[in-house]
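>>> predicted model and sequence below, questions to follow.
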Amino acid sequence: MLTDRKIWYRITRDTIQITPAQYKKRWPWLKEIDSMAPRDVQLNQEKAFRDFVRNPGHFRFPKYKSKHRDRPSYATNLIGGNIELRGDSKLKLPKLGLVRIVQHRDIPDGWKLKSVTVSGNAAGQYHAALLYEFDAAATAAVETDADKVIGLDFSMPDLYVDSDGNKPGKPRHFRDAEKRLAREQRKPRKCRKGSKNRNKQRKRVARRHLKIRNQRKDFLEKESRRIANAFDAAIA
């Protein structure tokens, strides 16, 4: 699709209307996937081309994705009940049916499901981000007076120092796992390229990095929640 757009732009210096259905005769396997997935890619591509044509100095010409750098993901929209969240353990997706999930949080009543984005990581894990629509007026926050205020100043060794001189003591998750991570990262060199053992070891290394990232994220979220619960406002 991008190739056809580039050829048309070189000839006419304008955009062209292209739909994924035009390619199903040439590549029949496109009929096996969710039709909304390539449709979402088409809309994103059209927006990128419109932005480039209108303001080429600010937006760059669309380029191909790289299988090495880009994250594997796809998005699909809700049409005719093709997406459904059943309870807190199963998610219905087009062409895939019911998929077992671990739900992150409960969905409030009155929220309407709009779309789902499924993405994977190097460790072989998949995540589904659900987009909902809700009435903002019904969930507007109530303004309160800020009685307890704390000042926060950035600190490289301790993450931050508050106005009372307290320091959280930034944990050293990477340093604690550095030796074991280095040992795991050396093992793929002894495996033959393209072998199953090399791929398994690559996933082990990815899971190690993922654990470190999750530990950092967990610390930051718990620390920010502790500050939000104890104070009404924070000044950085």
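Ah, there it is. Numbers count the residues shown, from 1 in each chain.

>>> where does pLDDT dip in the chain?
138-145 (pLDDT under 70).

>>> buried stuff in the longest helix anywhere in it?
Across the chain, the longest stretch assigned as helix under DSSP state H is helix 196-230. Neighbour counts over helix 196-230 (16 or more other C-beta atoms under 10 Å) mark 201-202, 205-210, 212 as buried. Using the backbone N, CA and C atoms, a C-beta is placed for each residue, glycine as well.

>>> do the same with stretch 54-68
Pro62.

>>> report the contact partners of the residue nearest to the spatial centre of the chain.
Note on the chain: the residue nearest the mean C-alpha position is Ser119, at 6.5 Å, using C-alpha atoms, centre = their mean. Taking C-beta atoms under 8 Å, 6 or more residues apart in numbering, we find Ser119 in contact with 71-73, 126-127, 129.

>>> so which two of the residues you listed are the farthest from each other?
The span of the contacts of Ser119, defined through C-beta to C-beta, is set by Pro72 and Ala129 at 13.9 Å.

>>> give me the domain ranges for this protein.
2-54, 73-138, 149-235 (automatic domain parsing).

>>> which residue ranges form the helices in the protein?
With DSSP H as the criterion, the chain has helices spanning 2-12, 36-54, 173-186, 196-230.

>>> as a markdown table, the ones you listed with distance to Asp109 would be great.
Formatted as a markdown table, the helices of the chain follow (distance: least, C-beta to C-beta, whole Å):
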| stretch | distance to Asp109 |
| --- | --- |
| helix 2-12 | 42 |
| helix 36-54 | 26 |
| helix 173-186 | 38 |
| helix 196-230 | 24 |
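
>>> neighbours of the closest residue to Pro157 other than its chain neighbours, how many?
Spatial nearest neighbour of Pro157, excluding adjacent residues (C-beta to C-beta, 6 or more residues apart in numbering): Lys170 at 6.9 Å. Lys170: 16 surrounding residues under other C-beta atoms under 10 Å.

>>> ok, Lys170 to Arg216 distance?
Here Lys170 is placed at a distance of 9 Å from Arg216 (C-beta to C-beta, to the nearest Å).

>>> same check on Gly97?
Taking C-beta to C-beta, one finds Gly97 at 35 Å from Arg216.

>>> give me the number of residues near the closest residue to Val102 other than its chain neighbours?
Excluding the flanking residues, the one nearest Val102 by C-beta to C-beta, 6+ apart is Ser89, at 7.9 Å. Neighbours of Ser89 under the rule other C-beta under 10 Å: 12.

>>> got phi/psi on Ser89?
Per-residue torsions, Ser89: phi -130, psi -10 (degrees, to the nearest 10).

>>> renumber starting at 46 from here on
All set: I'll call the first residue 46, so the last point we hit is now Ser134.

>>> now for it: which residues touch it?
Applying C-beta under 8 Å, 6+ apart to Ser134 gives the contacts 145-148.

>>> redo that, cut-off 10 Å
Shown in contact with Ser134 (C-beta atoms under 10 Å, 6 or more residues apart in numbering): 143-148.

>>> burial count for Ala182?
Considering only other C-beta under 10 Å, Ala182 is surrounded by 6 other residues.

>>> can you check the one 10 residues further on too?
When neighbours are defined as other C-beta under 10 Å, Asp192 has 8 of them.

>>> and for Thr121?
22.

>>> same check, this time on Ala82
Ala82, neighbours per other C-beta under 10 Å, totals 19.

>>> excluding its backbone neighbours, what's nearest it?
Of all residues not flanking Ala82 in the chain, Tyr119 sits nearest, at 4.5 Å (C-beta to C-beta, 6+ apart).

>>> check Lys135 too.
Closest residue to Lys135 apart from its sequence neighbours, by C-beta to C-beta, 6+ apart: Leu143 at 4.8 Å.
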